[in-house]
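Participant: below are the sequence and a predicted model for it; my questions follow.
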Amino acid sequence: MFCFWRLCQEALAGIPWAGRSTLTGLFVRVAERGPKDPAIWKRLTARADVIAHSLTPKQASLILSSMARSRHSQDNFLQRFSLKFAPSLVSQAEIIDLCGIVSGLSQLNVYQEELFAMTSQRLREVAPQLDARQVSLMANAFVKAGHLDMELFQRLLKQALRQLSKFTAKDAAVMLNAFSQVPDFQVKEWDDTFLDENTRELKTTLEALALRLPDLLPKADLHSLALILNAFAQLQFVQKDLLDLMSQELLLNEEKLQKLTPRQLAMVLNAIARLQLHEPRLIELLSSVVRSGAHALDPQGLCLVANASAKLQLGLETFQVLFVRIPKLLSRFSGRHLAMLCHAWAKAHIHNDDLFELLILPLASHAARLEAHEAGLPCWSMYSD
């Protein structure tokens, strides 16, 4: 252990003189094993900035992936890299490295329109060669960056159908989550009569994926399960067999559901409410999960859980537990949050004078910044109550 640490320290001390291969290896090792010291990452990116002109596509992919994995962003290096060096790299990169570069940049919140346009053109050409993971990563990267190239998405959907047997639960979750955020895919009616070419291709993929879910869901981790549920809810793609399958999977994962993070709890409950999964045993299980996890919810999560609890009619005891959390978050609520809370209690038909007394002053301070429908929610709530 002493020798390893000494070697590691010697390697880190040599960062300012590291060549491109050595530096790439250090990025990967530090991302995997640490240290997480910001000073080390600053030295790594400073050296990468100096030799960026000589990096190969594979080295650039590994460096960006390491930075994304460690959630370390160095804006000066990334901006210069994406403007000066990335265009030539993506034009010559092999598919695996191309996907790594684009995915890394998107996760690091780096977006250059010309670079993504160039990459999109290249990906349209090589789409039939992408594997299942690359399809999901590229869909996620372009949606996250806000570069909504519908022709590229069409080709990714076609390739997803070809690779469907090789999709893991995580692949499906990432792809579905990405496409559920594309405005052109937000439709109210999935009847073929009303669908354009884009949404018809999406429907074909969703139907095929729904048939694949019985094999995928038992192997899904909690985050993947939450993303899949949320994506189908966002897309309003509802099939009875699919709903029954999801209800059964949730009931079989009672122990896992108790371990949901606050964000996952809000996401899952909101999705279940939108999908209208009203299976009695599931409702009882969800009530228990909400009551045990309410203490850790943030403002947005509490609002989502409260509104979903109202739609699912989780009952007075659940809302009493949620109410206990409100005073602790009061200073962090936005006007919209306050309006949503009022609406949730009214929709659940639960009278609580203490709630409105607690929220009336914060509501008054936010009133001028509320949109008309948001301002109307507390008024309607108090009137209906």
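Facilitator: Now that the structure is in, tell me what you want to look at.
Participant: please name the residues that touch Met138.
Facilitator: Applying Cβ atoms under 8 Å, 6 or more residues apart in numbering, we find Met138 in contact with 99, 102-103, 123, 130, 152, 156. C-betas here are computed from N, CA, C, even on glycine.
Participant: hmm, which two among those residues are most spread apart?
Facilitator: Pairwise distances across the contacts of Met138 (Cβ to Cβ) peak at 14.3 Å, for the pair Ser103 and Leu152.
Participant: packing partners of the helix or strand where Ala172 lies?
Facilitator: Of the helices and strands defined by DSSP states H and E, Ala172 is found in helix 169-179. Helices and strands touching helix 169-179, by 3 or more Cβ pairs under 8 Å, 6 or more residues apart in numbering; DSSP states H and E, are helix 132-145, helix 150-162, helix 197-216, helix 222-235.
Participant: tabulate those helices (CSV), appending mean pLDDT.
Facilitator: Formatted as CSV, the entries for those read as follows, by pLDDT from 0 to 100:
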stretch, mean pLDDT
helix 132-145, 96
helix 150-162, 94
helix 197-216, 87
helix 222-235, 87
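Participant: nearest to His72, of those helices?
Facilitator: The closest approach between His72 and any of the helices and strands packed on helix 169-179, judged by Cβ to Cβ, belongs to helix 132-145 at 17.6 Å.
Participant: how far does that closest one sit from its chain's centre?
Facilitator: 12 Å (Cα atoms, centre = their mean, to the nearest Å).
Participant: helix/strand/coil for Ile350?
Facilitator: Reduced to three states with DSSP: H, G, I helix; E, B strand; the rest coil, the structure at Ile350 is coil.
Participant: which residue packs closest to it, ignoring adjacent ones?
Facilitator: Counting by Cβ to Cβ, 6 or more residues apart in numbering, Phe319 is the residue found nearest to Ile350 once chain neighbours are left out, at 5.1 Å.
Participant: ok, now Ala308?
Facilitator: Nearest-residue entry for Ala308: Ala273, 3.8 Å, with adjacent residues in sequence omitted and distances by Cβ to Cβ, 6+ apart.
Participant: where in this structure is pLDDT low?
Facilitator: Low-confidence regions of the chain, defined by pLDDT under 70, span residues 1-13, 366-385.
Participant: residues of the helix or strand harbouring Gln79 that come out buried?
Facilitator: In the assignment (DSSP H and E), Gln79 maps to helix 75-80. For helix 75-80, burial by neighbour count (16 or more other Cβ atoms under 10 Å) applies to 77-78.
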